[in-house]
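> Okay, predicted coordinates and the sequence, questions at the end:
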There are 2 protein chains.
Amino acid sequence: MKAEIISIGTELLLGQIVDTNSAYLAGELPALGVDLYYISQVGDNTGRIAEVLRRAWARSDLILTTGGLGPTDDDVTRDAVAQALGEEMRIVPELEEHLRQWFSRRTVAMPERNLKQATLVPSAQSLPNPVGTAPGWWVEKEGHIIAVMPGPPREMTRMWRNEVVPRLRERVTGEIILSRTLKTYGVGEGTVDEMVSPHSRSSNPTIGTYAKPDGVHLRLTAKAPTSEAARALIAPVEEKLREIFGDRIWGADDETLEGAVGDALRSRKLTLATMESCTGGLLASTITDMAGSSDYFKGGLVTYTNEAKIAYGVPAQLIEAHGAVSQPVAQAMAQAACRALGADVGVSVTGVAGPSSLEGKPPGTVFIGLAWGEKARAHDVSFPGQRAVVKRRATTAALFLLRRFLQQG
Amino acid sequence: MKAEIISIGTELLLGQIVDTNSAYLAGELPALGVDLYYISQVGDNTGRIAEVLRRAWARSDLILTTGGLGPTDDDVTRDAVAQALGEEMRIVPELEEHLRQWFSRRTVAMPERNLKQATLVPSAQSLPNPVGTAPGWWVEKEGHIIAVMPGPPREMTRMWRNEVVPRLRERVTGEIILSRTLKTYGVGEGTVDEMVSPHSRSSNPTIGTYAKPDGVHLRLTAKAPTSEAARALIAPVEEKLREIFGDRIWGADDETLEGAVGDALRSRKLTLATMESCTGGLLASTITDMAGSSDYFKGGLVTYTNEAKIAYGVPAQLIEAHGAVSQPVAQAMAQAACRALGADVGVSVTGVAGPSSLEGKPPGTVFIGLAWGEKARAHDVSFPGQRAVVKRRATTAALFLLRRFLQQG
């Protein structure tokens, strides 16, 4: 089945919003066995939308549209679909009733212009939208399908999963595509490519490498008649890659480093504290992005000055001897974090976020400290980059090294 | 001039990356007086790219493409442009020489496949790319323009600003569109709409309202022959809106709350410290996103437990009497942050990030504390939302209240 996505809204053409809906839907189609050849964005203009729809109709089996279903005058997607199909829109009493109830539950009178949200064309069925006033349309005609969905991502993704995907599953026959992502850290993209190369001629699954903020990802993509068959193709290749990369693979698919750290702490019943300078709180914030992190996270210190570092337990003579941005101070910060917050494990970051140098050290100089009982160490993880990149990469490095430290302990 | 954007790359159609290039270019065109009607994404396939180009040629004066200029076999944008134009590609000796120098400066031998990056068609000029190996193309033929740019955003935006925009400015005659964004906080979108309504019939500039993570934005958009004339149309309306919204407007255009807070502290020669629980370090991290924040930011405490709050100076009896998530504790936390870090001004956040309730208070319950010398206060800023949203909105609230506190002091 050949598909095409059309995102509708003048704000897309003014650059006021980025079209994340298309990327979401594009990522969903391979697992359904649907091939996507075109995506386009068009403004809120009936004629132009209808033109784009007619072209899509001529070359694609499935057309997914998002946006333009609101109640205001510029929401004309329904009109454009009707025009492209050469059909007449009419108000459907049950939909009108449903819409009036939606407003009355909110004790608001329904504006008359909302009535357009209760319309259908003869070849369309309505797709319910429990989280908004705009129902979608499911059009089936002459071997083509058009799924018309609202633009707000929360309403769109819900309608996609609950209404569109089940209908598509019934109609798609063919091979599905399944992906599995293995996440590495500490190896450059070029090196990953070389390490993978003995296996990279594999055509099913294919192996792709992608540089991401949390390291290089390996994506295995298999084509098979069923999900089970695709998983069976992926499993032996995944095993090979895990042998090659060892503990440089820290997770898969939706796993995050902060989640992996949380699991490692929780399973060992350990508590954690942080002391950070150049990351300015980003490390603690990332750790607390996990729901339930209060089970193991005692707290953190953002010591943006030398006085603060000393006040919370870093020996002044260490800073004098080596500078605040140094391996010995990183290690002392991790130990001080444990003591100051009564935690089992401490992790620290000290470095130069930039744009200026500090202590004669250039932006991107970063040290990570780790402490757990008697054990303590520090790593030099320096890298170039802009301020925001340095903060993000230093945080990632700290989480990766912390997880390995916990596993090796 | 009617424009169209074409983004090229199979990874866009697999949902592996979001097309931010199109949104960037779309945002640039109004100020040049160029109207954009269509954006589309197409995979790395010569025939399909050529088809999309031919259609764009038929309906648009200016075509902007990004992506598909790399050295590998799937980079076929040049071939597709040549096919659509019915022209022959040839290697240009000067471009080849330039490319070989690029590699020799990096003491790497040039792979032969990179030679395709030294090609042109007869109606194209080369657009230099000092930050990559792929030069762009500038095609002018039969009253149409095609600007072919590389996909990596850093290379694309540089080529756009330095090469494409100057050429376009010479050729575009017509009205330009200029926008000015005023940023409000603390007023819902509906209320903003009502407050604006006496002026919302203005057609030049138009006024749009947009709900954003840092508050509701008001965008004034004027059309005029020159930037000066557009600014003159916007100025009186901006003045009216500033009268209506008063200190609820905290900034304009690219300004951020953390920047506004930094300016307020710097101009008053004050230092700042934070103590936060539910935001888990995000407040400190956001403050330190500003380059130069070490001038005024002393540091922060992430007190994720009651013991940590007490250890850093929050009276235990206050927590016993009111709970850690309360107005009195928020105020005490701000005062404790000042003392603990020797800062002039303290700001605190205590609340329930969720997903579970705490002390019988539901997720989204948030208090912000402020302290400056003898002055101290706390605000209830509770709102519903998921964990990440609560963290982000609580941080925004703290920065807005801190800025107002500094201004009123």
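That came through, no problem. Residues are numbered from 1 along each chain as shown, chains lettered A, B, ... in the order given.
> got the end-to-end distance for stretch A:338-349?
End-to-end distance of stretch A:338-349 (CA to CA, to the nearest Å): 14 Å.
> avg pLDDT for that stretch?
In this model, stretch A:338-349 carries a mean pLDDT of 97.
> does it come close to chain B?
Yes: counting by CB under 8 Å from any CB of the partner chain, chain B has neighbours in stretch A:338-349: A:340-342. All C-beta spots, glycine's among them, are computed from the backbone N, C-alpha and C.
> Distance from the chain centre to that stretch, please.
Averaging C-alpha positions (CA atoms, centre = their mean, to the nearest Å) puts stretch A:338-349 30 Å from its chain's average.
> can you pull the buried residues of that stretch?
Across stretch A:338-349, burial judged by 16 or more other CB atoms under 10 Å in any protein chain shown covers A:338, A:340-341, A:343-349.
> Next, name the residue at the spatial heart of chain A.
The residue lying closest to the centre of chain A (CA atoms, centre = their mean) is A:Asp254, at 8.3 Å.
> Show me where the stretch 101-250 of chain A dips below the pLDDT cut-off.
For the stretch 101-250 of chain A, no stretch is flagged by pLDDT under 70.
> picking that back up, now render the buried residues of stretch A:338-349 as CSV, adding distance to B:Gly323 and secondary structure.
Converted to CSV, the buried residues of stretch A:338-349 look like this (distance: CB to CB, whole Å; DSSP: H, G, I helix; E, B strand; the rest coil):
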residue, distance to B:Gly323, secondary structure
A:Cys338, 28, helix
A:Ala340, 24, helix
A:Leu341, 21, helix
A:Ala343, 24, coil
A:Asp344, 27, coil
A:Val345, 28, strand
A:Gly346, 29, strand
A:Val347, 30, strand
A:Ser348, 31, strand
A:Val349, 32, strand
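> out of those, who's nearest chain B?
Nearest to chain B among the buried residues of stretch A:338-349 is A:Leu341, at 5.8 Å by CB to the nearest CB.
> who's in contact with that closest one?
A:273, A:298-301, B:308, B:311 (CB atoms under 8 Å, 6 or more residues apart in numbering or on different chains).
> which SS state does the residue nearest to the centre of chain A fall under?
Following DSSP: H, G, I helix; E, B strand; the rest coil, A:Asp254 is assigned to coil.
> What's the separation between it and A:Met156?
20 Å (CB to CB, to the nearest Å).
> list the buried ones in the longest helix anywhere in chain A?
If you go by DSSP state H, chain A has its longest helix at helix A:387-408. By 16+ other CB under 10 Å, the buried positions in helix A:387-408 come out as A:387, A:389-406.
> which ones among those come in contact with chain B?
By CB under 8 Å from any CB, the members of those lying near chain B are A:387, A:391.
> quick one: the helices in the stretch 1-150 of chain A?
Secondary structure of the stretch 1-150 of chain A (DSSP state H, counting those that start in this stretch): helices at A:10-13, A:20-28, A:46-59, A:77-85, A:93-105.
> now the angle from the third one to helix A:77-85?
Note on geometry: by axes from the mean of the first three to the mean of the last three CA atoms, to 10 degrees, helix A:46-59 and helix A:77-85 are set 50 degrees apart in direction.
> packing partners for helix A:46-59?
With contacts taken as 3 or more CB pairs under 8 Å, 6 or more residues apart in numbering or on different chains; DSSP states H and E, helix A:46-59 sits against strand A:2-8, strand A:35-42, strand A:62-66, helix A:77-85, strand A:144-149, strand B:35-42.
> now the helices: where do they sit in the stretch 251-400 of chain A?
Assigned by DSSP H, counting those that start in this stretch, the helices in the stretch 251-400 of chain A fall at A:257-267, A:282-287, A:306-311, A:316-322, A:327-341, A:387-408.
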